[in-house]
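In: Based on what follows, work out the 3D shape:
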Amino acid sequence: MIVHTQQVTFDEELRLQSGAALRPFTLAYETYGTLNADRSNTILICHALSGDAHVAGRHSTHDRKPGWWDEAVGSGKAFDTDRYFIICSNVIGGCSGSTGPSSINPETGRPYGLSFPVITVADMVEAQRWLLDALDIPTVLCVTGGSMGGMQAIQWAVSYPDRVRSAVVLASTARTSAQTIALNEVPRQAIYADPNWNEGDYYGKEPPNAGLAVARMIGHITYLSEKSMREKFGRRLQDREKYGYDFATEFEVESYLKYHGNRFTTRFDANSFLYITKAIDYFDMSLGRGDLAQAFTDVKAKFLVLSYSSDWLYPPEQSEELVRALLRKGIDASYVEIKSDYGHDAFLLEVERLGELTRDFLAKVERESVRPAAPSRGPTASGEEREEKVYPLASWAARTRGVWRLADTRKQETA
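Out: Model prediction:
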């Protein structure tokens, strides 16, 4: 596919969760496939931390690489462009065409830098809602994404329950853990420590590439698993046969991290990295609600939640917590833990498995009419969860050769 990035600029004021406002703002987006006559076949794909609107295809025949999820989006693929109209936009706060800290502040004529307002996942979703309104798309068949993209999918279902028919959440969580916040803070400190960062005022000067490269290297470690790193690199040396007893790059894994860290600096803005990781840190669907399940009181979307066994950034336990909260509110939620050695990156790599599951799930969503969520079959008088909520979903997962762990966990809890 040859695709083109488009932009839409809104002159109205976007009110942010912090109380600040952004005006004007621009969103970059790409579309794939054809919108049907009743405008009911839209799938909104939300990207992760370092992603952008270019989810699939190429911008020209000379492009070296396709979009970041090209194996999942296209004709006959997991998100089939012969059947669905796909939209992916770069989030606000980003640096790939949407308004972010590197954009020009119209009040000063200079890049925002740290004067750009702090954004949240809810703000990203609100900006996307404006985009769908501009495209005259009243509802979406599905919102999906992995990692931070999964957070956006959850937020969409909560913020706009009447506009979302289903959500596919991959390798994500309903609230960011202390471990993830810590793993975001250390890379930020690497950027702060780069003397070129200059409190975010480095535009037109030498950027803090050294700090950003280290930040990306740390991130890359969290995206892999110990087994995948062992199999990919082991203790193999790079361009030498024995130890040099010096501080040069010796191991293949060191070379890999340095390469990806340095390459990242050619396409990403350090301040955007700060803003987006902070938005991830703030993500907590239970905030102000007392109980995570209360966040889903009004949700009408069906959910497919996928986790990956070796993911230690957003481990399966966090997906299970999300599914339990959905089930307590009577939400139609299916959960599959995919056995994988790829770590967090599995949601980008285990595409064949994803395709099997999403095709069945989306066909189910299309077959069933849009209706409010069923009344909650929540805790019994004794406080135990009702078992009947689990087994139909477990059976569905079994038919798609999934691994259903929530049922086993539920039995342990109610024993």
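In: Near residue 62, how many other residues are there?
Out: 6 (other CB atoms under 10 Å). Any C-beta I mention is one placed from the backbone N, CA and C, and that applies to glycine too.
In: One more: the one 10 residues further on?
Out: Other residues within reach of residue 72, judged by other CB under 10 Å, total 24.
In: wait, it sits on residue 354?
Out: Yes: counting by CB atoms under 8 Å, residue 72 does reach residue 354; the two are 6.2 Å apart.
In: does residue 15 have beta-bridge partners, and which?
Out: Counting by DSSP bridges, residue 15 forms beta bridges with residue 21.
In: Tell me how many other residues crowd it.
Out: By other CB under 10 Å, the residues close to residue 15 number 13.
In: Endpoint to endpoint, stretch 22-35 covers what distance?
Out: Length of stretch 22-35, first residue to last, CA to CA, to the nearest Å: 30 Å.
In: Now it: average pLDDT?
Out: The average pLDDT within stretch 22-35 is 97.
In: And that stretch, how far out from the chain middle?
Out: Relative to its parent chain, stretch 22-35 has a centroid offset of 17 Å by CA atoms, centre = their mean, to the nearest Å.
In: Contacts only, for residue 28.
Out: Neighbouring residues of residue 28 by CB atoms under 8 Å, 6 or more residues apart in numbering: 5, 6, 7, 52, 53, 89, 90, 94, 96, 97, 98.
In: what residue is smack in the middle of the chain?
Out: residue 149 (1.8 Å; CA atoms, centre = their mean).
In: Helices of the chain, residue ranges please.
Out: With helices called from DSSP state H, the chain shows them at 121-134, 148-159, 178-193, 209-223, 226-232, 252-264, 270-282, 316-328, 346-349, 351-367, 391-399, 406-414.
In: Deepest-packed of those helices, please.
Out: Comparing the helices of the chain by mean neighbour count (mean count of other CB atoms under 10 Å), helix 148-159 comes out on top with a mean of 27.
In: Distance from the chain centre to that helix, please.
Out: The chain centroid and the centroid of helix 148-159 are separated by 9 Å under CA atoms, centre = their mean.
In: Output the contacting helices and strands for that helix.
Out: Helix 148-159 is packed against strand 42-46, helix 121-134, strand 142-146, strand 166-170, helix 270-282, with contacts defined by 3 or more CB pairs under 8 Å, 6 or more residues apart in numbering; DSSP states H and E.
In: what angle do the longest one and strand 142-146 make?
Out: Here helix 121-134 points in a direction 140 degrees away from that of strand 142-146 (axes from the mean of the first three to the mean of the last three CA atoms, to 10 degrees).
In: same check, this time on the first one
Out: In this structure, strand 42-46 runs at an angle of 20 degrees to strand 142-146, with the same axes, to 10 degrees as the basis.
In: Mean confidence (pLDDT) on strand 42-46, please.
Out: On average, the pLDDT along strand 42-46 is 98.
In: which helices and strands sit right next to it?
Out: Looks like strand 42-46 contacts strand 85-89, helix 121-134, strand 142-146, helix 148-159 (3+ CB pairs under 8 Å, 6+ apart).
In: can you list contacts of that strand?
Out: Counting by CB under 8 Å, 6+ apart, 35, 55, 69, 73, 79, 84-88, 91, 124, 128, 132, 137, 139-145, 148-150, 152-153, 156 sit against strand 42-46.
In: Quick check on the contacts of residue 28: which are buried?
Out: 5, 52, 53, 89, 90, 94, 96, 97, 98 (16 or more other CB atoms under 10 Å).
In: Mind picking the two most distant members of the residues you listed?
Out: Greatest spatial distance among the buried ones among the contacts of residue 28 (CB to CB): 5 and 94, at 12.2 Å.
In: okay, now residue 66: neighbour count?
Out: With other CB under 10 Å as criterion, residue 66 counts 18.
In: Next up, phi/psi of it, please.
Out: Dihedral pair for residue 66: phi -80, psi -170, per degrees, to the nearest 10.
In: so residue 165 touches residue 140, yeah?
Out: Yes: at 6.8 Å, residue 165 counts as touching residue 140 under the criterion of CB under 8 Å.
In: Which residue of those two possesses the greater neighbour count?
Out: A direct count of neighbours by other CB under 10 Å for residue 165 and residue 140 places residue 140 higher, at 26 against 22.
In: Look up the residues forming beta bridges with the more buried one.
Out: In this entry, residue 140 is beta-bridged to residue 164, by DSSP bridges.
In: show me what contacts it?
Out: Going by CB under 8 Å, 6+ apart, residue 140 touches 42, 43, 44, 132, 156, 163, 164, 165.
In: Output the below-cut-off pLDDT ranges for the chain.
Out: With pLDDT under 70 as the threshold, the chain has low-confidence stretches at 369-415.
In: before we move on, the earlier item: measure the residue nearest to the centre of the chain to residue 29 for me?
Out: 14 Å (CB to CB, to the nearest Å).
In: count of neighbours near the spatially closest residue to residue 148 that is not a sequence neighbour?
Out: Counting by CB to CB, 6 or more residues apart in numbering, residue 148 lies nearest to residue 48, which is 4.8 Å off, once chain neighbours are set aside. By other CB under 10 Å, the residues close to residue 48 number 25.
In: Hmm, residue 48 is touching residue 152, no?
Out: No: at 9.5 Å, residue 48 does not count as touching residue 152 under the criterion of CB under 8 Å.
In: anything in contact with each of the two?
Out: residue 145.
In: any chance of the contacts of residue 28 in TSV, plus distance to residue 272?
Out: Formatted as TSV, the contacts of residue 28 follow (distance: CB to CB, whole Å):
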residue	distance to residue 272
5	17
6	20
7	17
52	10
53	14
89	15
90	10
94	6
96	9
97	12
98	10
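In: ok, of those, which one's closest to residue 251?
Out: residue 52 (30.9 Å).
In: Quick check, the closest one in contact with residue 94.
Out: Yes: Residue 52 lies in contact with residue 94 (CB under 8 Å); the separation is 6.5 Å.
In: Contact partners for residue 293?
Out: 324, 325, 326, 328, 329, 378.
In: So the residue lying closest to the fourth one once chain neighbours are set aside versus residue 317, what's the distance?
Out: Closest residue to residue 328 apart from its sequence neighbours, by CB to CB, 6+ apart: residue 293 at 4.2 Å. Here residue 293 is placed at a distance of 17 Å from residue 317 (CB to CB).
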